[in-house]
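Student: got a predicted model here, sequence first, then my questions.
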Protein chains: 2
Amino acid sequence: MGKWKSFLLVTLIGAAIWFVPVPAGLKPQAWHLLAIFVATIIGIILNPLPMGAMALIGITVCALTKTLTVPEALSAFADATIWLIVCAFLFARSFIKTGLGSRIAYMLMRSIGDSTLKLGYVLCISDLILAPATPSNTARGGGVLYPIVRSLGSAFDSEPGPTARRVGAYLMATQFQGNCITSAMFMTAMAANPLAAVLAKQVLKIDISWGLWALAASVPGLVALIVMPYFLYKIYPPELKHTPEAKELAKSELAKRGAMSTPEKIVLAVFIGALLLWSTSSFTKINATLVALMGVCVMLITEVLTWQDILDDKGPWDTLMWMGGLVGMAGFLNKLGFIPWFAKTVSASLGGIAWVPALTILLVVYMYAHYGFASLTAHVTAMYPAFIAVAVAAGAPPFLAALSMAYLSNLCGGLTHYSTGTAPIYFGSGYVDQGTWWKLGFSASVVNMLIWVGIGGIWWKVLGLW
Amino acid sequence: MGKWKSFLLVTLIGAAIWFVPVPAGLKPQAWHLLAIFVATIIGIILNPLPMGAMALIGITVCALTKTLTVPEALSAFADATIWLIVCAFLFARSFIKTGLGSRIAYMLMRSIGDSTLKLGYVLCISDLILAPATPSNTARGGGVLYPIVRSLGSAFDSEPGPTARRVGAYLMATQFQGNCITSAMFMTAMAANPLAAVLAKQVLKIDISWGLWALAASVPGLVALIVMPYFLYKIYPPELKHTPEAKELAKSELAKRGAMSTPEKIVLAVFIGALLLWSTSSFTKINATLVALMGVCVMLITEVLTWQDILDDKGPWDTLMWMGGLVGMAGFLNKLGFIPWFAKTVSASLGGIAWVPALTILLVVYMYAHYGFASLTAHVTAMYPAFIAVAVAAGAPPFLAALSMAYLSNLCGGLTHYSTGTAPIYFGSGYVDQGTWWKLGFSASVVNMLIWVGIGGIWWKVLGLW
């Protein structure tokens, strides 16, 4: 659709909702905010302008129509969770700048990478190690690991086309699905995760800390990371199984780099320190954002990152803008009473369905609705608050609903070739054709659902979360 | 001083203040915040790291030491005035991107630029026209106008060295001083102006709106812009007085550009619209930040600015970071009672000096203290809140103290060759030697003081501000 048509459509939808009579039990202000919010989300989906621009226009319209005051519209720019992500983006930059990220991958490859299956695990483990501090799944999967996957393909004479299935196609599919799993495992592993945490707090009044997120994800996440490479190995096997040359390749890459540099050591120390403080924050009571800020300060003082690096990095600035806009609107949508009203209305109309089938249906719909999205963030913003609110109104335990949907918000990224930033990169490499990509994506999604909701559900019960 | 020495000094000063016994009548928390704030400002002055990095470290230390909570430390990132400046930076970018800024200067030059004195006025008027929407005085003076001044010099065979005094030296000095004056005239004409407005609100509980700032500055500002080029013409005359060729130069430049492009027209319309809404905001009650946001949205929708332009522009992102950090700390320094306590203590020790001599001394000290600063922002942050608080505690009318010091915060930029971002650019052109630069700067500062405090003071009395 052309840019102007999209814009017109967005405006018409917004106006249509705005002028519909306000349903009983709702403040007009809440309804008007809904109109602007829905229009903004449709704008993000149709994408006539980038997400940040749509979010900025959204809050401007809120202020202009007096739906929100100017300070209300801007309030989320001071949100601590958003600044956590801004800082984590800078962590990620330090991985890429110093080369520590790819060094870790090559070290793993040197020690265990002598079969194609093990190479699949090497990639997933490398991704897992980097995940807690790279909120851009695209930077991690696309920036750090993609070049390694691609060069592995070439190293084994596996190129897009007739030789794709030797090694490359399997590794591309595995690393892509692995990246979706690691994204789900930490609040700081994907940009929209803290958005989900903030929304869960706004809507359900539950606190999902960094540590809780990781703890609850640990069992299903590790199971999924163990199962997925093997599952794909079985349903989409590589032709070449043994790859002793990969160890040599890794050795020579590491030899080229020489010993670990001081900046790499500093980044590693900051990263381990941040992980320790993040994972123990429920005991130490040290705020996760403060931990991230401290890490950035250490990197600035030691000049591992310069201020210029920070200004040059568009990721944090972009994320601050779109997330600040969306979190602000979503927060007030809840505060002004729309979300509670919506949840009550929908769950009343469900009329006595037990929460287990209700939650199951909601989860399935939530997962596969992602066929219609080209951004995890758009999906979370559009569906997460309403879906968790309805699930809880239908009787589902709050943590169960909030966590399972938060994790699915990442796992759905494996469905298509446009589902999230890494998808076009890995798909675009040309190793896997579109039909296969979708089939693999659907199969992986079923495996993920079973592991995350099934095993995850039991694990969260053990943790006493429901 | 080396980077590490500066850092050590900053840390020692901070620690020294921290561990001094807390003066009676002050909360320890306020005193600790002072220690961090002073260390941050000294860090900004010594500059071991850029301002944004020092501000980020400052708020991190506040949060780490529990002097402020994390949400308190981050609170100013949602400040509406800061977002006004972020948006105004994007306005400025549109002037540069579309070439509208230099077109305006050439159009003025074409119509009246037939003498060196008139060329001085052309430059000042062009700067004045751009000033309301370019909060980076460096972008305006250095980015838009400097290339024109420099090419005017060359056009009249006036180069640094023996021919400098023909035309170039006079125009450099005039445009540099003019830029300081226009910076003072609008809240959005210099990045630290809204900081002063926010600080005045925090410390003195007075509201300096965009319109009030401009109205109060209008008379002294216009008088200064009329006087300064002529004053410099008398004390530092150019050798060549008549410059009919300048009109030809402007004509050919404009011919090269052709008719005004659609993006230029849009920028012009947005700019005029914003000026109208800003200057009438006391009647329309439309928030100045909202006006700026609307302007940015229009430019985004019409693609005069793309989202990529916004992400590429480091100015707004940088300013958000340093200003958010500093405003946060300064605000709590006041809220926690330090500023009122300081003002009371100092004014008590002044013991009965009438406010007129007290304010006069404060203003002179405030102005010439800038010999010790390389940044207007550092000067405002370090001295503005304390100086206005002391002045008012000594009996000076709040608006008189706040406005006069806010304007001087810009005018002091004319003193040296390192005083503000434009100074090294204009001085560095090589037309004026350092001794002369300082002499001209000092002379101009006396003229500015007389006009802004003298005529300004009378004008503000007429306006009923005191």
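Tutor: Arrived safely.

Student: within range of chain B, give me the residues from the stretch 251-400 of chain A.
Tutor: A:287, A:289-290, A:293-294, A:296-297, A:300-301, A:307-308, A:310-312, A:314, A:317-318, A:321 (C-beta under 8 Å from any C-beta of the partner chain). In this view, the C-beta of every residue, glycine as well, is placed from N, C-alpha and C.

Student: so for stretch A:256-266, mean pLDDT?
Tutor: The average pLDDT within stretch A:256-266 is 94.

Student: same deal with stretch A:3-22?
Tutor: Mean predicted lDDT for stretch A:3-22 stands at 93.

Student: do any residues in that stretch lie close to chain B?
Tutor: Yes - Stretch A:3-22 is in contact with chain B by C-beta under 8 Å from any C-beta, via A:Phe7.

Student: how far off centre is that stretch?
Tutor: Its chain's average C-alpha position is 29 Å from that of stretch A:3-22, according to C-alpha atoms, centre = their mean, to the nearest Å.

Student: cool, and stretch A:157-166?
Tutor: The mean C-alpha position of stretch A:157-166 is separated from the chain mean by 30 Å, C-alpha atoms, centre = their mean.

Student: residue contacts, A:Ile235?
Tutor: A:440, A:443 (C-beta atoms under 8 Å, 6 or more residues apart in numbering or on different chains).

Student: meant to ask about A:Gly456, not that
Tutor: A:Gly456 touches A:216-217, A:219-220, A:403-404, A:407, counting by C-beta under 8 Å, 6+ apart.

Student: ok, and the most crowded of those residues?
Tutor: Highest neighbour count within the contacts of A:Gly456: A:Leu403, with 32 neighbours (other C-beta atoms under 10 Å in any protein chain shown).

Student: was I right about that one contacting A:Trp466?
Tutor: No - under the criterion of C-beta atoms under 8 Å, A:Leu403 makes no contact with A:Trp466, lying 9.2 Å away.

Student: identify the contacts common to these two.
Tutor: With C-beta under 8 Å, 6+ apart, A:Leu403 and A:Trp466 have common neighbours A:Trp460.

Student: picking that back up, just the buried members of the residues of the stretch 251-400 of chain A next to chain B?
Tutor: A:287, A:289-290, A:293-294, A:296-297, A:300-301, A:307, A:310-311, A:314, A:317-318, A:321 (16 or more other C-beta atoms under 10 Å in any protein chain shown).

Student: among those, which two are most distant?
Tutor: Spanning the widest gap among these are A:Ile301 and A:Met321, at 27.0 Å by C-beta to C-beta.

Student: name the nearest residue to the most centrally placed residue in chain A, ignoring sequence neighbours.
Tutor: Central residue of chain A (C-alpha atoms, centre = their mean): A:Met190, 3.2 Å from the mean position. If the residues on either side of it in the chain are set aside, A:Met190 comes closest to A:Ser183, at 4.0 Å by C-beta to C-beta, 6 or more residues apart in numbering or on different chains.

Student: do A:Cys62 as well
Tutor: Counting by C-beta to C-beta, 6+ apart, the residue nearest A:Cys62 is A:Leu68, at 4.2 Å.

Student: for the one you found, helix, strand, or coil?
Tutor: When classified by DSSP: H, G, I helix; E, B strand; the rest coil, A:Leu68 comes out as coil.

Student: from memory it sits against A:Leu33, does it?
Tutor: Yes - with contact defined as C-beta under 8 Å, A:Leu68 counts as touching A:Leu33 (7.0 Å).

Student: can you pull the residues that touch both of these two?
Tutor: In contact with both A:Leu68 and A:Leu33: A:62, A:329, A:332, using C-beta under 8 Å, 6+ apart.

Student: list just the nearest of these to chain B.
Tutor: Nearest to chain B among these, counting by C-beta to the nearest C-beta, is A:Cys62 at 9.9 Å.

Student: for chain A, where's the lowest mean pLDDT among helices and strands?
Tutor: Least confident helix or strand of chain A, by mean pLDDT, DSSP states H and E, is helix A:281-284 with a mean of 81.

Student: tell me which residues in that helix are buried?
Tutor: So for helix A:281-284, counting by 16+ other C-beta under 10 Å, buried means A:Ser281.

Student: ditto for stretch A:110-117
Tutor: A:110, A:112-113, A:115-117.

Student: all helices of the stretch 101-250 of chain A, in order?
Tutor: A:116-130, A:137-138, A:146-155, A:168-185, A:193-204, A:210-235, A:245-257 (DSSP state H, counting those that start in this stretch).

Student: out of the ones you listed, which gets nearest to A:Ala16?
Tutor: Of the helices of the stretch 101-250 of chain A, nearest to A:Ala16 by C-beta to C-beta is helix A:193-204, at 25.0 Å.

Student: just the CA atoms of the closest one, as PDB, please.
Tutor: Coordinates of the C-alpha atoms in helix A:193-204 are reproduced here as PDB (Å, rounded to 0.1, in the frame of the first residue of the first chain):
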ATOM      1  CA  ASN A 193      10.500  -7.600  26.500                       C
ATOM      2  CA  PRO A 194      10.700  -4.800  29.000                       C
ATOM      3  CA  LEU A 195       7.700  -3.300  27.200                       C
ATOM      4  CA  ALA A 196       5.800  -6.500  28.100                       C
ATOM      5  CA  ALA A 197       7.100  -6.300  31.700                       C
ATOM      6  CA  VAL A 198       5.900  -2.700  32.000                       C
ATOM      7  CA  LEU A 199       2.600  -3.500  30.400                       C
ATOM      8  CA  ALA A 200       2.100  -6.400  32.800                       C
ATOM      9  CA  LYS A 201       2.800  -4.100  35.700                       C
ATOM     10  CA  GLN A 202       0.400  -1.400  34.400                       C
ATOM     11  CA  VAL A 203      -2.400  -3.900  33.600                       C
ATOM     12  CA  LEU A 204      -2.100  -6.600  36.200                       C
END
